[in-house]
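Chemist: Compute the structure for the input listed below.
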Amino acid sequence: MPAKPDATPALPGLSPVCGKPIVARFDGGQLSSDGGVLMLREIEQLLGIADRLAACVTDPRDPQRITHSIADIMRIRMLMIAAGYEDGNDAASLRHDPAFKLAPGHLPQGAALSSQPTISRLENLPQPRDLLRMGRAMVTQYRASFRQVPRRITQDIDDTFDALHGGQQMRLFNACYDEYGFQPIVVFDGEGRPVAAMLRPARRPTGREVRGFLRRLVREIRSHWPRVEILLRADSHYCAPEVLDFCCAQGLQFILGLATSSTLRTHVAALEQSTAARHASGAADSKLRRYKEFLDGAASWSRVERIIARVEASACPDKAILRLVLERLPRLVI
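Modeler: Numbering: from 1, shown residues only. Down below sits the predicted model:
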């Protein structure tokens, strides 16, 4: 990174240390502590994420009066978040940082980058249709990461809590985390690659909401891979009747967690007791796991499903721990 030379003299009169002279000067020019953004810049340029997302947003500004393009603003905002500057107010100082200036291709001595008000206006600019296009663009980015069409892909869907420290729109109080925030839905594939995300309030997603999200995701994936097999994996609060019916209609395989109930426990009561007794007798080491398979269905389900129960006994709890999984996978015929 080129430094701007300043004609400043050295600081005189410093005592040597271990026979080594100490020379202090103040001509280092513009310095930055965020050199890592230059590596992230190379990755972003290779993937073209900012340009891909910017093409999904309609820009209402006068082209003759634009200083920063939507792609440049998005690129700077993404680099800020990646470098740990999640607050848009940090742009007030980072817009003059030489490393951040180099990221969009500007020289350190050039004009300043986007200001905080400009970034805030961009974050409120996309309309619902723009957000849907951006979601499809991220799935397209995911498909482009494959060298050839896969035969089968795994989609792990889950939600996470994003704490907020202000009066942002759609924020809700989450009693589990004792904070205000968002609870976005995120999807990664079996190899850990990001596929899709949806920002939403901090409450448990309903089955109808998850079904709509999955419909858009599956439609976009199969628009280019019509024959790919999709395995969906999720926790128990995604095991809703709307999700099960959608997976059945679309031919999706799934492994979903299932909340326990008194009715379901009747299928594994004997297994729980025998597992705890065997572990207590010392017949197993520190942990004992046993499994059982049965068919059952809730009153709200349209059909019975295959349920796998895992009973685990260890030295810590006083009784066996039950974990239920709803599974629909193709059976192997030997």
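Chemist: Return stretch 99-106 as PDB; C-alpha atoms alone will do.
Modeler: Once non-C-alpha atoms are left out, stretch 99-106 reads as follows in PDB (Å, rounded to 0.1, in the frame of the first residue of the first chain):
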ATOM      1  CA  ALA A  99      -7.300  -0.300   3.400                       C
ATOM      2  CA  PHE A 100     -11.000   0.100   3.000                       C
ATOM      3  CA  LYS A 101     -10.400   2.600   0.200                       C
ATOM      4  CA  LEU A 102      -8.300   0.100  -1.700                       C
ATOM      5  CA  ALA A 103     -11.100  -2.500  -1.400                       C
ATOM      6  CA  PRO A 104     -13.400  -0.900  -4.100                       C
ATOM      7  CA  GLY A 105     -10.400   0.100  -6.200                       C
ATOM      8  CA  HIS A 106      -9.800   3.700  -4.800                       C
END
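Chemist: Could you pull up the mean pLDDT of that stretch?
Modeler: Taken as a whole, stretch 99-106 has an average pLDDT of 87.
Chemist: just how off-centre is it within its chain?
Modeler: Computed by Cα atoms, centre = their mean, to the nearest Å, the chain-centroid distance of stretch 99-106 equals 26 Å.
Chemist: any residues touching that stretch, and which ones?
Modeler: Outside of stretch 99-106, the residues within contact range by Cβ atoms under 8 Å, 6 or more residues apart in numbering are 1, 32, 34-35, 37-38, 40-41, 72, 75-76, 79-80, 94, 107-108, 110, 113. Bear in mind the C-beta positions are built from the backbone N, C-alpha and C, glycine included.
Chemist: repeat for stretch 59-71
Modeler: So stretch 59-71 is in contact with 50-51, 54, 57, 111, 113-114, 118, 122, 125, going by Cβ under 8 Å, 6+ apart.
Chemist: picking that back up, going through the contacts of stretch 99-106, which ones are buried?
Modeler: Buried subset of the contacts of stretch 99-106 (neighbour count, 16 or more other Cβ atoms under 10 Å): 32, 34, 37, 40-41, 72, 75-76, 79-80, 94, 108, 113.
Chemist: so how far is the first residue of stretch 195-207 from its last?
Modeler: With Cα to Cα, to the nearest Å applied, stretch 195-207 spans 20 Å between its terminal residues.
Chemist: What of stretch 307-327?
Modeler: Chord length of stretch 307-327, first to last residue, is 6 Å (Cα to Cα).
Chemist: That one: which residues count as buried?
Modeler: Across stretch 307-327, burial judged by 16+ other Cβ under 10 Å covers 307, 309-313, 320, 322, 324-326.
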